[in-house]
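Participant: all I have is the shape, not the residue letters:
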């Protein structure tokens, strides 16, 4: 199924899908669960727009590349251009929406890449590696330091995090990202995943929630 940004009320977002800018290990407990060092500065990487698929209707995962892990994240939709370390007001004004998302990872592949000191793209940017739900409007959430993200699989809560626990809060994170590469309307920011990641399996039933703002059901096809 092709992807197009939309809001929770069904309104289509007028700007096209761009790149997906991600931050790794942005929750200390998640870094620890994978035996990774807690970074002292933002660990950034990019997924291409071609890897994005909609959450609605279910999504497929690769079955020939080892374990596929879920990582529930708060996604931020950029609605105005940002570059050269914008100020706080510019960043806040450029946020067009928030949504729950899944950053899917080929964990076995990633482990081998990390052992060799190679980039992660093969493990992070495969087709279908970013699963996005519809967005709530950017002005619907006032306190960016208190956004809950929750993932329930087959009736069991697997991840239950909050933006208050981010090592790099949302606005400073976006400022840092824009200092490295210009952000354009339609780009998506993935803000990191809390503790509790694990393997997905075909047939899994999911509930993905931006706590208090949006809630979606889906399944692994």
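Facilitator: On my side now, so go ahead. From a predicted model like this one, the values you see are computed outputs, not experimental measurements.
Participant: pLDDT score assigned to whatever residue is furthest in space from the centre of the chain?
Facilitator: Computed with Cα atoms, centre = their mean, the maximum C-alpha offset from the centroid of the chain is found at residue 116, amounting to 25.4 Å. Predicted confidence (pLDDT) for residue 116: 95.
Participant: with residue 39 instead?
Facilitator: At residue 39, the pLDDT recorded in the model is 72.
Participant: secondary structure of residue 108: a helix, I assume?
Facilitator: Yes. Under DSSP: H, G, I helix; E, B strand; the rest coil, residue 108 sits within a helix.
Participant: that one against residue 67, yeah?
Facilitator: Yes. Here residue 108 reaches residue 67: they are 5.2 Å apart, a contact under Cβ atoms under 8 Å. Glycine gets a C-beta too; all of them are placed from N, C-alpha and C.
Participant: strand partners (parallel or antiparallel) of the longest strand along the chain?
Facilitator: If each strand of the chain is counted by residues according to DSSP state E, the longest one is strand 95-103. Sheet pairing for strand 95-103, assigned by DSSP bridges, gives strand 72-78 (antiparallel), strand 130-132 (antiparallel), strand 136-137 (antiparallel).
Participant: redo the ones you listed as JSON lines? Include distance to residue 162, mean neighbour count and mean pLDDT.
Facilitator: Formatted as JSON lines, the strands paired with strand 95-103 follow (distance: least, Cβ to Cβ, whole Å; neighbours: other Cβ atoms under 10 Å; pLDDT from 0 to 100):
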{"stretch": "strand 72-78", "distance to residue 162": "9", "mean neighbour count": "27", "mean pLDDT": "98"}
{"stretch": "strand 130-132", "distance to residue 162": "20", "mean neighbour count": "27", "mean pLDDT": "98"}
{"stretch": "strand 136-137", "distance to residue 162": "16", "mean neighbour count": "18", "mean pLDDT": "98"}
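Participant: nearest to residue 58 among the ones you listed would be which one?
Facilitator: Smallest distance to residue 58 across the strands paired with strand 95-103 (Cβ to Cβ): 9.7 Å, for strand 130-132.
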